[in-house]
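Asks: just need the structure, nothing else, for what follows:
(one chain, ligands or ions: 2)
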Amino acid sequence: MDGRIIVAIQKSGRLSEKSLEMIRSCGIDFYADSRALKASASGFPLDFLFVRDDDIPGYVSDGVADIGIVGRNELDESGIELDVIRDLGFASCRLSIAAPPSFPYSNLSSLEGKRIATSYPRILESILSSNGVKAIPVVVAGSVEITVDAGIADAIADLVSTGTTLKMNGLEEKECIYRSSAVLVARPDMDSCKKAILNSLLERMDAVMLARHKKYILFNLPKNKLQKAAEVIGGMKSPTVTPLMDDNWISVQSAVDENRFWAVFEELKALGAEGILVMNIEKMTE
Ligand code: ATP
Ligand code: ZN
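Replies: Numbering: from 1, shown residues only. Ligands and ions are numbered 1, 2, ... in the order given. Take a look at the predicted model:
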């Protein structure tokens, strides 16, 4: 493969570590000095550009980078149109309306005519206007939580993941109005060579993401319970079955959806499964 693609990644912040981890788990090796603005992978045609997250949509759209990993909120706030090619699932957070407990809030129309501090005026405005609400935006770059106490806003619209920061500042989360997580964005006009590199990266990412939601399970089972066990495990393919020395027993193995895992585990035990081994899957294809 000729050519390389450039990925824009947040230099330092909530997205940085997970973004690099995602690429590393695709089996791509690189050395990233924390002060460097650029890096190159070895063994895969990928270069890195380390920038502020606010600049990622613009760099990708201008062709300075070919792809980028950025919060959906940052992309929507930028107003730049890019292809969102994957939702990577990490750095999930919500944009919520918060105010002191004394603020009478029932729904978005409670914000009519109020001063709302936010770092995401575009997202806020689009949600308010689609609900027919007019408020006065107070745009701040950071520390949104202190604006009510400081007397410059009545309520805020800020990103929340656990809600502890809000509580610490005497604010109550009133309503979640928008959800975000890290997304992979791409320039729509890549040449065919770059597209091929991106596709091979996507194949690896998909394998990593698919594996994250599965466990691999291995157990011994009385032979006459195999049909029932296969029904419990479900899934697309039948499980792998190996004979054991004792003719009445078999060894069974299969991938299981993580969200069904405990239910499956209990049912298998009830069927008489023994020596149940559970393993994480590093990568898989469907
Ligand atoms: P930069 O210096 O790159 O501009 P930043 O301060 O704007 O960094 P971070 O605080 O590192 O950005 O957050 C990056 C992204 O992480 C956010 O845009 C959002 O998508 C996500 N995120 C996840 N949880 C939270 C949270 N609790 N508060 C803010 N952002 C969060
Ligand atoms: Zn930023």
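
Asks: could you use CA atoms for every contact and neighbour count after this?
Replies: OK.

Asks: show me which residues of the stretch 151-286 of the chain are close to ligand 1?
Replies: Residues of the stretch 151-286 of the chain found near ligand 1 (Cα under 6 Å from any ligand atom) are 159, 160, 161, 181.

Asks: and the gap between the third one and residue 14?
Replies: Taking Cα to Cα, to the nearest Å as the criterion, residue 161 is separated from residue 14 by 11 Å.

Asks: need the buried ones from the residues of the stretch 151-286 of the chain next to ligand 1 selected in ChimeraX.
Replies: Buried residues within these, by 16 or more other Cα atoms under 10 Å, are selected in ChimeraX with:
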select :159,160,181
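
Asks: least confident pick among the residues of the stretch 151-286 of the chain next to ligand 1?
Replies: Minimum pLDDT for those is recorded at residue 161 (92).

Asks: distance of that residue from residue 29?
Replies: The value you get for residue 161 to residue 29, if Cα to Cα is used, is 31 Å.

Asks: and what of residue 58?
Replies: Distance from residue 58 to residue 29, by Cα to Cα: 26 Å.

Asks: show me what stretch 270-285 is in contact with.
Replies: 206-212, 214-222, 225, 228-229 (Cα atoms under 8 Å, 6 or more residues apart in numbering).

Asks: of these, buried ones?
Replies: So, by 16+ other Cα under 10 Å, the buried ones in these are 206-212, 214-222, 229.

Asks: now for residue 58: which residues touch it?
Replies: Residue 58 sits in contact with 78, 80, where contact means Cα under 8 Å, 6+ apart.

Asks: now it: which helix or strand?
Replies: When elements are assigned from DSSP states H and E, residue 58 belongs to helix 56-62.

Asks: what's the mean pLDDT across that helix?
Replies: 98.

Asks: look up how far residue 228 lies from residue 273.
Replies: In terms of Cα to Cα, residue 273 sits 11 Å off from residue 228.

Asks: what's the nearest residue to residue 31 if we skip its chain neighbours?
Replies: Distances taken as Cα to Cα, 6 or more residues apart in numbering place residue 39 nearest to residue 31, at 6.9 Å, with adjacent residues excluded.

Asks: likewise for residue 146?
Replies: Per Cα to Cα, 6+ apart, closest to residue 146 is residue 169, 6.9 Å.

Asks: isn't that neighbour up against residue 145?
Replies: Yes. Under the criterion of Cα atoms under 8 Å, residue 169 makes contact with residue 145 at 6.4 Å.

Asks: what about those two, which has more around it?
Replies: Using other Cα atoms under 10 Å, the more surrounded residue of residue 169 and residue 145 is residue 145, with 24 against 14.

Asks: ok, and the closest non-adjacent residue to the spatially most central residue of the chain?
Replies: Central residue of the chain (Cα atoms, centre = their mean): residue 89, 1.5 Å from the mean position. Counting by Cα to Cα, 6+ apart, residue 89 lies nearest to residue 181, which is 5.6 Å off, once chain neighbours are set aside.

Asks: for the residue of the stretch 101-250 of the chain found nearest ligand 2, give me its contacts.
Replies: For the stretch 101-250 of the chain and ligand 2, the shortest gap (Cα to the ion) falls at residue 141, measuring 8.7 Å. By Cα under 8 Å, 6+ apart, the contact set of residue 141 is 118, 119.

Asks: go on, residue 166?
Replies: 98, 145, 160, 172, 173.

Asks: confirm that the second one sits in a helix.
Replies: Yes. With the criterion set as DSSP: H, G, I helix; E, B strand; the rest coil, the secondary structure at residue 145 is a helix.

Asks: returning to that earlier point: now do the buried residues in the helix holding residue 58.
Replies: 56, 57, 58, 59, 60, 61.

Asks: so where's the stretch 151-286 of the chain uncertain?
Replies: 235-236 (pLDDT under 70).

Asks: quick check: mean pLDDT of stretch 124-142?
Replies: Per-residue scores along stretch 124-142 average to 97.

Asks: hmm, back to that, tell me how far the helix holding residue 58 is from the chain's mean position?
Replies: 20 Å (Cα atoms, centre = their mean, to the nearest Å).

Asks: whatever helix or strand comes next after that helix pairs with which strands?
Replies: Scanning forward in sequence from helix 56-62 by DSSP H and E, the next helix or strand is strand 67-71. Sheet partners assigned to strand 67-71 using DSSP bridges are listed as strand 5-10 (parallel), strand 182-186 (antiparallel).

Asks: nearest approach to residue 194 belongs to which of those?
Replies: strand 5-10 (6.0 Å; Cα to Cα).
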